[in-house]
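Colleague: sequence and predicted structure are below.
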Number of protein chains: 2
Amino acid sequence: MSRAAKIEDVASRAGVSVATVSRALRGLPHVSQATREKVLRAAEELDYRPNPHAARLAAGRSGTVGVALPVLNSWFYANVLAGVEAVLAEEALDMHVVVVDGPDAVERFIAELPALSKRVDGLVLCDLFMPDQLWEDLAGGPMPVATIGVDTGLFDSVTIDNVVAASDATDHLLDLGHTRIGLIGAGPEAAADNESAALRRRGMIEALRRRALDLPPELEAAGSFSVAGGKEAMQELLGDTAPTAVFCLSDEMAIGAMWAADEAGLAVPGDLAVVGFDDQPVAEALGLTTVRQPVSIMAARAANFVLARLEGEEGPVERHVMPTQLQKRRSTDFRHLTHVHAHS
Amino acid sequence: MSRAAKIEDVASRAGVSVATVSRALRGLPHVSQATREKVLRAAEELDYRPNPHAARLAAGRSGTVGVALPVLNSWFYANVLAGVEAVLAEEALDMHVVVVDGPDAVERFIAELPALSKRVDGLVLCDLFMPDQLWEDLAGGPMPVATIGVDTGLFDSVTIDNVVAASDATDHLLDLGHTRIGLIGAGPEAAADNESAALRRRGMIEALRRRALDLPPELEAAGSFSVAGGKEAMQELLGDTAPTAVFCLSDEMAIGAMWAADEAGLAVPGDLAVVGFDDQPVAEALGLTTVRQPVSIMAARAANFVLARLEGEEGPVERHVMPTQLQKRRSTDFRHLTHVHAHS
DNA sequence: CCTTCCTTGGAAAGCGCTTACATTCGGCCC
DNA sequence: GGGCCGAATGTAAGCGCTTTCCAAGGAAGG
């Protein structure tokens, strides 16, 4: 196996200059049809593959979009990644994933931003919360950025209306007659690093308030956004002041809550109604009432925003708010009580 | 904001040559302590960030490891990705993800391999099935490769013993007295593109055979490895020849199967025992008996194999077979029957 | 005191592309 | 028919690093 062909080899084989090869291969103008075909053929024959690093160095562009998210192995973020990846793959762009987790994660991410800007042309930031100053610094930079789950007003963003989504979910429980409704996933101090959680909490409180109810501390439990986290949180809430319904900020947590309820001998929804958030496939299988959000579509849209900006699109910041929808299922439905008891 | 500092700027500020800066910053020998500190300080003061593309072009290495997997948004592959990412992040290496899905996915992946080899130094391939010839071509190349879920004998690999795992699961059902056991996730023709599925099927058949039982076609149903796929497959199996137990090749499918059972008015495990595969967190919450495999550890190990080879490790191909463990839970446990009926 | 060796540091040649600029060439207009 | 213009192509200067090769200078040895 001879060494890989370089552009120069293609040029001499096609009998043209390297500049022409470069233009021809990238579909740029100022190349006659005949020449282009000649070049294409030569490249084909040599199985020529441009060296991306050389191209990036010379062009000053990386053909890569970065995606920053807190974790990879949750349903939500896995779908975000999949959504972004699908769009980028379509455009033959590379995806650079940055996981922003662990202690000082955001600080380290920020520290690496200057370096990151050399390897990506654009950035999709998912649920990343930073000090205002840094958002502005980022906005001052040359790199297009789109955010998911955060709306700074400085970048194209894709979000849902967390307040409305949460108050809809709460209203549903209230309509069912519940008055002691617990919240799993955010405590009073959630705002700091998790804006979505804080907004959902607010939506819940607003809905309660409209019925002259409130959210006492003993009905709130934070915890990690996982099955185990939801279970622990639910266990905290159980006791003499136990709620008759809980709103969980993710489906994983809701499943954990149902698990805790089951262990405590409580029937869902008979003794405890449960509402989740996300509507991942298991939610439907389990009959979990939950707030559906179109995750991968949101991610794809954010990616498209970045692509559009990369293609020079000007115009004001786009702030998409995607619709959510409450999926009512068995976990809050008294009519199915018998059915639920009978099977599974 | 002035333009980004380059190595030359650091060199002149530190009063040394660019070569020395390069050596100092990368911790190479032949730099005195004093000089190194001087360089470090200069770099710090200028907030210097090496341009990765320039470095890669010059060095001929990319500092990147590729990960190829079929999808991103399933529990299993999301955890594979997370496992690999964690290891690479530790070593400050980039991860290049390649999703090999859609029609002709493998063919397109193969066609892009030469190009890919220019952007990554090593490769982790997960559940990728290719013609033998191509494995050998890959092995002939300069790039270290580790495989997950596939053992070609040509590369370091991390797998589980699918045959044993499946026959253990089957034995469990047999011990419980089941004789009509269904299989969801692989049909007789599974071998082609999904070796794991084929091996698990074989393990099941072997276990059955040891008890003088077999796996008639009407007890097998393939389907996508998802909740919906599992549900549909289960619905296929239900009917006059319905099994009293099913072994599902993923937890998602098992959840789908339980869903279908529930809709059909069948109690789990009373009317239908269900066993899954993976042991994702929801499995425990749902009391799903399942085969646990240490996904992210497997992924991390594969990544480490690649790293070791990149660091020049010679020696024979490593073929790790990770242990699996059957987690027995309610979905196959008659003792809990009453409990299951009462709650959940 | 001169040679030999080793360590540190510098000069410069790439790495394989992109692109600004220069050049050529064939019409086309007056 | 000469000059002009634009399209097609070539020339060559980088892009910002890494690395080989070489020089210098101090330590060690004779």
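Modeller: It's in. Numbers count the residues shown, from 1 in each chain, chains lettered A, B, ... in the order given.

Colleague: OK, contacts around the nearest residue to A:Asp9 once chain neighbours are set aside?
Modeller: Of all residues not flanking A:Asp9 in the chain, A:Leu46 sits nearest, at 5.8 Å (C-beta to C-beta, 6 or more residues apart in numbering or on different chains). The C-beta positions use only the backbone N, C-alpha and C, and glycine is treated the same way. When contacts are counted by C-beta atoms under 8 Å, 6 or more residues apart in numbering or on different chains, A:Leu46 is found next to A:Ala5, A:Asp9, A:Val10, A:Arg13.

Colleague: mind checking how far A:Leu46 is from chain B?
Modeller: Look at A:Leu46 and chain B: by C-beta to the nearest C-beta, to the nearest Å, they are 11 Å apart.

Colleague: ditto for A:Glu284
Modeller: The value you get for A:Glu284 to chain B, if C-beta to the nearest C-beta is used, is 7 Å.

Colleague: okay but that residue is in contact with A:Arg330, surely?
Modeller: No - A:Glu284 sits out of contact with A:Arg330 when judged by C-beta atoms under 8 Å, with a separation of 10.2 Å.

Colleague: which residues in the stretch 51-200 of chain A form helices?
Modeller: A:52-59, A:75-90, A:105-119, A:132-140, A:162-175, A:195-210 (DSSP state H, counting those that start in this stretch).

Colleague: looking at those helices, which is buried most?
Modeller: helix A:75-90 (a mean of 23; mean count of other C-beta atoms under 10 Å in any protein chain shown).

Colleague: tally of neighbours for whichever residue of the stretch 201-344 of chain A sits closest to DNA strand D?
Modeller: With C-beta to the nearest atom of the strand, the shortest gap between the stretch 201-344 of chain A and DNA strand D falls at A:Leu310, namely 19.3 Å. When neighbours are defined as other C-beta atoms under 10 Å in any protein chain shown, A:Leu310 has 17 of them.

Colleague: which residues does it contact?
Modeller: A:Asp121, A:Gly122, A:Pro144.

Colleague: same thing but at 10 Å, please
Modeller: A:Arg61, A:Gly63, A:Val65, A:Glu91, A:Leu93, A:Asp121, A:Gly122, A:Met143, A:Pro144 (C-beta atoms under 10 Å, 6 or more residues apart in numbering or on different chains).

Colleague: name the member of the contacts of A:Leu46 with the most neighbours.
Modeller: Of the contacts of A:Leu46, A:Val10 is surrounded by the most neighbours, 26 neighbours in total, counting by other C-beta under 10 Å.

Colleague: from what I can see it touches A:Tyr48, true?
Modeller: Yes - under the criterion of C-beta atoms under 10 Å, A:Val10 makes contact with A:Tyr48 at 5.0 Å.

Colleague: what is in contact with those two at once?
Modeller: A:Val21, A:Leu25, A:Val39, A:Leu40, A:Ala42.

Colleague: of these, which is the nearest to chain B?
Modeller: A:Leu25 (12.8 Å; C-beta to the nearest C-beta).

Colleague: partners of the host helix or strand of A:Val291 in the sheet?
Modeller: Here A:Val291 is covered by strand A:289-292, with elements defined by DSSP states H and E. Partners of strand A:289-292 in the sheet, by DSSP bridges, are strand A:273-278 (parallel), strand A:325-327 (antiparallel).

Colleague: select, out of the ones you listed, the one closest to B:Arg210.
Modeller: strand A:273-278 (42.9 Å; C-beta to C-beta).

Colleague: A:Asp104: how many residues sit nearby?
Modeller: Each residue near A:Asp104 was counted by other C-beta under 10 Å, and the total is 9.

Colleague: okay if I get the helices of the stretch 51-200 of chain A as TSV plus mean pLDDT and distance to DNA strand C?
Modeller: Output for the helices of the stretch 51-200 of chain A, formatted as TSV (pLDDT from 0 to 100; distance: least, C-beta to the nearest atom of the strand, whole Å):
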stretch	mean pLDDT	distance to DNA strand C
helix A:52-59	96	3
helix A:75-90	97	19
helix A:105-119	92	15
helix A:132-140	92	24
helix A:162-175	97	42
helix A:195-210	95	38
